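> Need coordinates for the following:
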Amino acid sequence: MGKAQQVFVFSVVAMAILAILLGRLFFLQVVQGYNYQVASEENRTRLATSPALRGTIYDRTGAVLAKDLATYSVKLTPEHFDPAKLSLLAQITGMPADEIQAKLEENNLPDWEPFTLRAGLGEEVVQKVEEQHLDLPGISVSIEPQRSYPYDNLFAHLIGYTGSISALELDRLESAGYTGADVIGKTGLEKAYEDRLKGEKGKQILEVNAIGQPVRVLNEIEQIPGDDMTLSIDLKLQQQARQILVDNQMNGSIICMNPQTGAILAMASTPDFNPNDFVKGISQKEYETLTASNALIAKATQDRFPPGSTFKVVTTVAALEEGVIDPETYSVFCPGHVDVGGHRFYCWQTSGHGTQNLVDAIANSCNVFFYTLSLEVGPERLAKWAGILGLDEYTGVDLPDEAKGVIPTPAWKWEQLEEPWYPGDTMNMGIGQGDVAVTPLALATTYAAIANGGKLLTPYLVEEIRSPDGTILKVAQTTVRVEVPFSQRTLDYLRQGMVKATTLGTTQQVKPPGISVAAKTGTALITSDKQDIWVCAYAPVENPQILVLVMNEYSTLIYGSYLAPFAGQLLKTYFSETATATATPTSTLTP
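This is a model prediction of the structure:
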């Protein structure tokens with residue numbers, strides 16, 4: 001190849017290389033320039049969200065039951081955090097290193113997005129973090145709202161608690177704008193009214209430095225607080241209800257409600273827990289302890305129990321409304337027991353009650369009378385009226401995860417147990433034992449229907465909802481689920497029997513001075529020495545304003561009558577704060 005040819009080839013190669021370089025430069029500068037500009041901008045800026053203040057929850061008098069407080073939180077950005085600084089971070093925050101590592105592994109946010117490592121920090125810890133910030137890349141301090149429950153355990157099962165969103169919850173709620181950094185209502189009203197309480201998050205576009213620390217705010221959208229709520233709850237009644245349960249070491253439930261509207265005035269269940277512990281974060285061991293003791297279960301709405309003799313009002317209604325007996329002439333002699341099918345069924349008063357008419361049998365809670373009556377009514381009609389009275393249905397209360405009762409029938413028993421139905425099953429059903437099981441709140445609504453003349457109501461807790469500017473968004477309305485087809489005669493007999501129980505029968509200690517009260521007790525044997533016991537009372541009889549139900553699970557007390565004084569204390573408290581009504585019975589029926 002000649003020298004001229006060599007120069008030509010070299011020139012062609014050089015021009016080709018130059019063309020490739022120029023083309024690449026054009027591609028990078030022009031074609032990809034916008035993409036690189038966006039990427040550079042994204043590395044320089046971060047979108048930060050700030051949680052909205054949750055709505056404040058008040059009792060009926062304006063007492064604050066739940067609200068957000070401003071607290072310091074330590075945030076960790078995984079993208080910039082140096083694992084070698086784990087022990088230093090643990091030392092400063094007081095968190096065990098393995099707990100910090102676990103939170104890192106459980107974090108479901110992008111690595112560039114900070115997550116809350118620990119909330120509710122004191123100023124001393126915050127100062128230490130700030131002093132060491134150059135040695136702790138990816139660690140920052142922010143002021144965030146933290147839920148506070150000033151009455152600790154008092155409203156644990158009603159208001160519930162908030163907590164960090166779980167992976168399962170995020171899968172369900174991500175489409176609604178939730179992220180892995182969010183706090184949501186976990187139980188109680190916090191969960192039921194999450195959409196109302198949560199508000200709208202604030203947003204900031206931040207300029208950050210090379211290690212991801214904010215330098216300045218480029219743009220900001222303010223957060224919008226959630227709606228406020230006023231409950232139907234009476235703080236004083238709620239405090240007294242829980243104190244009765246705690247002071248007497250009772251596992252159980254107390255409910256106070258307005259039988260005319262369904263408004264819940266107090267509702268306590270024990271054992272309970274402190275929701276503030278969940279807000280701050282509890283250990284797995286602490287959670288397992290609460291679970292083992294059933295402290296997380298609201299006995300009033302999430303568990304069911306045999307109602308014992310409180311069910312006798314259902315047996316009475318079925319017998320009268322189905323025309324099974326003539327209450328003016330029907331009576332049963334109680335010698336203390338009755339023999340059926342080769343088995344002896346005892347009355348609670350083993351010496352017997354003698355001859356009992358319907359009113360006497362309700363007042364004295366005579367088992368032999370209701371054993372006999374239930375056989376004449378039959379299980380299907382007992383189940384029918386238990387259903388009409390709502391004992392096997394959800395009440396519709398504005399709380400999540402409500403349970404519903406079980407009312408057995410011969411078909412139910414065969415389906416569940418593959419066993420035939422015996423006369424003894426009907427007899428046990430007629431006195432609220434055997435397989436009958438109800439929630440305390442459902443039983444309270446049944447008695448409210450008797451008190452108000454036949455309206456089976458939907459109970460409720462939230463009286464009013466207001467926007468952050470005070471605009472009223474919702475006011476509770478009385479909701480009638482079922483108009484129970486009581487005859488006036490049936491109501492008269494029920495009321496006369498329950499009024500007589502407070503004067504001569506099983507609930508004599510339930511009456512506050514000057515107030516007419518109708519009441520019924522119940523006892524359901526669970527083991528040889530323990531029983532579930534009940535009392536349900538309403539007053540005043542002629543114009544009921546309050547209904548009180550007290551239930552003690554696995555009690556060592558023998559009879560529901562032992563609970564009557566507690567119901568009486570709550571009635572006395574209620575009427576000491578309201579106008580006292582007269583105590584003249586309206587029925588003309590002679591007991």
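> State which strand of the chain is the longest.
strand 64-76 (DSSP state E).
> just so I have it, where are all the strands in the stretch 101-250 of the chain?
Assignment of strands within the stretch 101-250 of the chain using DSSP state E, counting those that start in this stretch yields the ranges 115-121, 139-148, 162-164, 183-185, 202-208, 214-221, 228-231.
> Of all these, which one is nearest Ile282?
strand 162-164 (9.5 Å; C-beta to C-beta). C-beta here means a position set from N, CA and C on the backbone, and glycine is covered the same way.
> what about Ala192, neighbour count?
Residues lying near Ala192 (other C-beta atoms under 10 Å) number 20.
> ok, now Leu104?
As a measure of burial, Leu104 has 15 neighbours, counting by other C-beta under 10 Å.
> my read is Thr372 is in a strand, agree?
No - using DSSP: H, G, I helix; E, B strand; the rest coil, the secondary structure at Thr372 is helix, not a strand.
> Show me the contact partners of stretch 121-139.
Outside stretch 121-139, the residues within contact range by C-beta atoms under 8 Å, 6 or more residues apart in numbering are 71-82, 85, 88-89, 92-94, 114, 117, 140-141, 211-213.
> cutoff 10 Å now
71-82, 85, 88-89, 91-95, 111, 114, 117-118, 140-143, 210-213 (C-beta atoms under 10 Å, 6 or more residues apart in numbering).
> Find the residue at the geometric middle of this protein.
Gly188 (3.2 Å; C-alpha atoms, centre = their mean).
> Let me see the contact set for that residue.
57, 66, 155-162, 275, 298, 301, 399-401, 461.
> mind redoing it with 7 Å?
157-160, 399 (C-beta atoms under 7 Å, 6 or more residues apart in numbering).
> if we can go back for a sec, what's the longest strand of the chain packed up against?
strand 57-58, strand 115-121, strand 139-148 (3 or more C-beta pairs under 7 Å, 6 or more residues apart in numbering; DSSP states H and E).
> neighbouring strands for the second one, and are they parallel or not?
Strands adjacent to strand 115-121 in the sheet, as given by DSSP bridges, are strand 64-76 (antiparallel).
> Enumerate the positions of the partner strand that are buried.
65-68, 71-76 (16 or more other C-beta atoms under 10 Å).
> so how far is that strand off the chain centroid?
Here strand 64-76 is found 22 Å from its chain centre; the criterion is C-alpha atoms, centre = their mean, to the nearest Å.
> And the contacts of that strand?
Under C-beta under 7 Å, 6+ apart, the answer for strand 64-76 is 53-54, 56-59, 93, 114-121, 126, 129, 138-151, 155, 159.
> returning to what we had before: and of the buried residues of strand 64-76, the nearest to Lys520?
Taking the buried residues of strand 64-76 together and measuring to Lys520 by C-beta to C-beta, the closest member is Leu65, at 31.8 Å.
> what's the spacing between the residue nearest to that closest one when sequence neighbours are not counted and Gly163?
Among residues not flanking Leu65 along the chain, Ile57 sits closest, at 4.8 Å (C-beta to C-beta, 6 or more residues apart in numbering). Counting by C-beta to C-beta, to the nearest Å, the gap from Ile57 to Gly163 is 17 Å.
> more crowded one of the two?
Ile57 (26 against 19).
> what sits against the more buried one?
Taking C-beta under 7 Å, 6+ apart, one finds 65-66, 159, 189, 229, 231 in contact with Ile57.
> From the residues you listed, pick the one nearest Gly387.
Scanning those for proximity to Gly387, where the rule is C-beta to C-beta, the winner is Leu189, at 28.6 Å.
> What confidence value was assigned to the nearest residue to the closest one once chain neighbours are set aside?
Leaving out its chain neighbours, the residue that sits closest to Leu189 by C-beta to C-beta, 6+ apart is Ile159, at 5.1 Å. pLDDT, Ile159: 98.
> can you check Asp98 too?
84.
> That one: which element?
Assessed by DSSP states H and E, Asp98 sits inside helix 97-106.
> Just the CA trace of that helix, in PDB.
The C-alpha atoms that make up helix 97-106 are tabulated as PDB, following Å, rounded to 0.1, in the frame of the first residue of the first chain:
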ATOM      1  CA  ALA A  97     -29.500  -2.600  68.000                       C
ATOM      2  CA  ASP A  98     -31.500  -5.700  67.100                       C
ATOM      3  CA  GLU A  99     -34.700  -3.800  67.200                       C
ATOM      4  CA  ILE A 100     -33.300  -1.100  64.900                       C
ATOM      5  CA  GLN A 101     -32.100  -3.800  62.500                       C
ATOM      6  CA  ALA A 102     -35.600  -5.500  62.600                       C
ATOM      7  CA  LYS A 103     -37.300  -2.200  61.700                       C
ATOM      8  CA  LEU A 104     -34.900  -1.800  58.800                       C
ATOM      9  CA  GLU A 105     -35.700  -5.200  57.500                       C
ATOM     10  CA  GLU A 106     -39.500  -4.700  58.000                       C
END
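> Buried residues of it, list them for me.
Buried, per 16+ other C-beta under 10 Å, within helix 97-106: 100, 103.
> what sits against the residue nearest to Gly202 when sequence neighbours are not counted?
Take Gly202 and drop its neighbours on the chain: the residue closest to it by C-beta to C-beta, 6+ apart is Gln223, 3.4 Å away. By C-beta under 7 Å, 6+ apart, the contact list for Gln223 reads 50, 52-53, 199-202.
> Check the spacing between Gln223 and Ser148 real quick.
18 Å.
> helix or strand right after the longest strand of the chain?
helix 86-93.
> Could you give the average pLDDT over that following helix?
The average pLDDT within helix 86-93 is 86.
> what's the angle from it to strand 139-148?
40 degrees (axes from the mean of the first three to the mean of the last three C-alpha atoms, to 10 degrees).
> count of residues packed around Gln260?
18.
> Ser351 too?
The burial count for Ser351: 9, using other C-beta under 10 Å.
> residues contacting it?
Ser351 neighbours (C-beta under 7 Å, 6+ apart): Gly336.
> again, but for Trp414
Residues near Trp414 by C-beta under 7 Å, 6+ apart: Pro420.
> ok, now with 8 Å
With C-beta under 8 Å, 6+ apart, Trp414 has these contacts: 420-421.
> quick one: it from Tyr422, how far?
Counting by C-beta to C-beta, the gap from Trp414 to Tyr422 is 12 Å.
> Could you double-check that the residue nearest to Leu189 sits in contact with Phe273?
No - the pair Ile159 and Phe273 fails to qualify as a contact (C-beta atoms under 8 Å) at a distance of 12.0 Å.
> Those two: which is more packed in?
Ile159 (28 against 20).
> If Ala263 is in a bridge, with which residues?
Residues in beta-bridge contact with Ala263 (DSSP bridges): Tyr460.
> tell me the contacts of it?
232, 257, 459-460, 463, 476.
> ok, of those residues, which one's closest to Thr573?
Met257 (14.6 Å).
> Surely that closest one is in contact with Tyr538?
No - using C-beta under 8 Å, Met257 is not in contact with Tyr538, being 9.4 Å away.
> Give me the common contacts of the two.
448, 546-547.
> Okay, and which of these map to strands?
546-547.
> Format the shared contacts of Met257 and Tyr538 as CSV; extra columns: pLDDT, distance to Ala501 and neighbour count.
Converted to CSV, the shared contacts of Met257 and Tyr538 look like this (pLDDT from 0 to 100; distance: C-beta to C-beta, whole Å; neighbours: other C-beta atoms under 10 Å):
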residue, pLDDT, distance to Ala501, neighbour count
Ala448, 98, 18, 25
Ile546, 98, 17, 26
Leu547, 98, 15, 26
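> Closest one of the shared contacts of Met257 and Tyr538 to Pro468?
Nearest to Pro468 among the shared contacts of Met257 and Tyr538, with distances taken as C-beta to C-beta, is Ile546, at 33.4 Å.
> Could you measure from the closest residue to that closest one other than its chain neighbours over to Pro214?
Computed as C-beta to C-beta, 6+ apart, the closest residue to Ile546 that is not its neighbour in sequence is Tyr574, at 5.0 Å. Tyr574 sits 55 Å away from Pro214, going by C-beta to C-beta.
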